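J.: Below are the sequence and a predicted model for it; my questions follow.
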Amino acid sequence: MTASNQLEGDPFSDVHADSTGAEDLRVFTAESTLTLDANASLTLGSDALIIFDEGFVKREARNCCGILPNGAKATRTIPLFNILWADLAGNEIAVHYAQRLSKNEIRAASYRHSIQKIEPQKAAAWVSRLLDYAYGKAQQRKRIKVLVNPFGGQGKARTLFSQEIKPIFAAARCELDVQETEYQGHAVTITEALDINKYDVIACCSGDGLPHEVFNGLGKRADARRALARLAVVQLPCGSGNAMSWNLAGTDSASLCALSVIKGVKTPLDLVSITQGGRRTLSFLSQSVGVVAECDLGTENLRWMGSARFTWGFLVRLLGQTVYPCDLAVAVELDDKASIRERYCAELGNRAPISTKRGPFTGQGDNKGIGDGLPTLKYGTVNDKLPEGWSMVPYDKMGNFYAGNMAYMAADANFFPATLPNDGCLDLICIDGDIGRMSALKTLLAVEGGTFFDMPHVKYQKISGYRISPKDQEDGYISIDGERVPFEPFQAEVHRGLGTVLSKSGNLYEAPGVA
Ligand SMILES: Nc1ncnc2c1ncn2[C@@H]1O[C@H](COP(=O)(O)OP(=O)(O)OP(=O)(O)O)[C@@H](O)[C@H]1O
């Protein structure tokens, strides 16, 4: 099936991710080695490229005034994950790779050698094999629409893009179309009108704000479901909140995330419809009411504290035993931690094709004008009568209502360790506001320590929808993906695998889970 056939057919099929993975092909044979001359060869191992070149020793010797340093070696290995591209030009073979400069930084580098002594066909076949090994299920030469928010974080997005991200994309021969966002909401306008056949990826050089806008821009289109399935949305961390990068790449280093995008495999992502007033929006990360929302949005005056601002706000409210009364109805899918753990473990080795990780979506064009291309809301909107089987239960002592679609909410804040990208569920945490002060303190520390999930007073459920209605408060904070929305009732409904991202594993977040 050609790429264009694929576009006309099932929008949820993906030739790259559903094909046999190259790891199956990584068998060591005679063809694994390309002998360049008497002093140099390239060998494909199961997870690394091994370069043997006597020239390395000679070069090091020259650098050391002719005295051979201890440990000077003629062999170097490059992990296959770090191979960006390889080609033959003129009489040379060039292998481009990501070279580690420090724990948090890589840069594009190249190894070159003459191929005058070997048959060009043999060299070409070996290069093609190297690229198959190096990319596995990941698509090669992705076409990327890059959106740069020049005001994200501390205003460093432009520099990070040109110095750390672009050189890696260029070395991997990605096709780039770069655009800066000019105002708040610009990413919605851009993606709503984008020619989706021209790109494979939308990469946001920003915080979590731009990916939120991109999902919503795609969601506003008449062909929303197709656009959300075709285009992978990724973040290149340039903002103050970079949760998406922590979850999908395990880092907030811009250069390492660029490599993760190049090697990332298409992964369906659950998206959540939020209806509030007459609006329908999409959420990809989290929704919070109570202490987390207030710490996130209500501590602007403490910005000087940096990331400690959140911890400080959290502590003040927990110790003050602040409560945020509300009425709540929830569609619970899994209610006990043992079953939740079981579901997580079952996903560990799941290599099923991505076409099985979406929907089923019921119809479209039936949404009363809001989000016509999106799936129909099976639970209706916040303005409809409650779905059958739901009832609004009063929670007068609610301290923290926190629903997560990804694991990390920030660096070291793995609030939702059992979340999965496409299990069709949000993970919900509810904590009473009047728990003892010592217990509150331990709760906060347990998030960083990775023991939060098992704490007895932490109620953790998997849910497919909910309605929440704050009460007895004149005003307050509701956060959807870190953005403030009106302090009014809202309803949420999960759509399994409606969106698409690129991930390293293809089925899990890069956070310690609950296995
Ligand atoms: N040129 C621009 N001028 C002003 N705002 C913009 C511009 N481009 C994007 N924005 C807005 O900036 C907001 C924040 O974006 P982003 O998430 O990239 O940064 P951040 O630093 O993580 O966010 P925050 O300011 O919430 O901490 C988004 O709402 C986005 O619409």
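T.: Received the coordinates, thanks. Everything numeric here is computed off the predicted structure, so don't read it as measured data. Numbering: from 1, shown residues only.
J.: Contact partners for whatever residue of the chain ends up closest to the ligand?
T.: Using Cβ to the nearest ligand atom, the single residue of the chain nearest to the ligand is G207, 1.7 Å away. Glycine gets a C-beta too; all of them are placed from N, C-alpha and C. The contact partners of G207, by Cβ atoms under 8 Å, 6 or more residues apart in numbering, come to N149, G152, G153, Q235, P237, C238, G239, S240, G241, N242, G482.
J.: Can you give the domain ranges for this structure?
T.: 17-135, 143-263, 273-497 (automatic domain parsing).
J.: check contacts around the residue nearest to N104 when sequence neighbours are not counted.
T.: Closest residue to N104 apart from its sequence neighbours, by Cβ to Cβ, 6 or more residues apart in numbering: S253 at 4.2 Å. Applying Cβ under 8 Å, 6+ apart to S253 gives the contacts N104, E105, P237.
J.: for S253, phi and psi?
T.: phi -90, psi 130 (degrees, to the nearest 10).
J.: Got the confidence number for it?
T.: S253 is assigned a predicted lDDT (pLDDT) of 97.
J.: on that earlier part again, what's the most buried one of the domains of the chain?
T.: Neighbour counts (mean count of other Cβ atoms under 10 Å) averaged over each of the domains of the chain peak at domain 143-263, with a mean of 22.
J.: Quick one: end-to-end distance for it.
T.: 13 Å (Cα to Cα, to the nearest Å).
J.: helices or strands up against the helix or strand harbouring R112?
T.: If you go by DSSP states H and E, R112 is part of strand 105-114. Here strand 105-114 touches strand 33-37, strand 48-53, strand 92-102, helix 166-171, helix 254-263, going by 3 or more Cβ pairs under 8 Å, 6 or more residues apart in numbering; DSSP states H and E.
J.: so can I have JSON lines of these showing distance to D423?
T.: Formatted as JSON lines, the helices and strands packed on strand 105-114 follow (distance: least, Cβ to Cβ, whole Å):
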{"stretch": "strand 33-37", "distance to D423": "43"}
{"stretch": "strand 48-53", "distance to D423": "33"}
{"stretch": "strand 92-102", "distance to D423": "32"}
{"stretch": "helix 166-171", "distance to D423": "31"}
{"stretch": "helix 254-263", "distance to D423": "22"}
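J.: export those to CSV and tack on distance to the ligand?
T.: Converted to CSV, the helices and strands packed on strand 105-114 look like this (distance: least, Cβ to the nearest ligand atom, whole Å):
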stretch, distance to the ligand
strand 33-37, 44
strand 48-53, 36
strand 92-102, 24
helix 166-171, 18
helix 254-263, 13
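J.: wait, is G465 part of a strand?
T.: Yes - under DSSP: H, G, I helix; E, B strand; the rest coil, G465 falls within a strand.
J.: residues touching it, list them.
T.: V330, A331, Y379, P387, Q491, A492, E493, V494.
J.: The same query, at a cut-off of 10 Å, please.
T.: 272-273, 329-333, 377-380, 387, 390, 425-426, 491-494 (Cβ atoms under 10 Å, 6 or more residues apart in numbering).
J.: what's the answer for L444, then?
T.: For L444, the contact set (Cβ under 10 Å, 6+ apart) comprises T311, F314, L315, L318, L319, A413, F452.
J.: Quick one: mean pLDDT over the strand or helix carrying it.
T.: Assigned by DSSP H and E, L444 falls within helix 437-449. On average, the pLDDT along helix 437-449 is 83.
J.: wait, doesn't I274 sit right on R280?
T.: Yes - with contacts counted by Cβ atoms under 10 Å, I274 reaches R280, the gap being 7.1 Å.
J.: if I look at these two, which residues touch both of them?
T.: Contact criterion Cβ under 10 Å, 6+ apart; residues shared by I274 and R280: T381, V382, Q491, E493.
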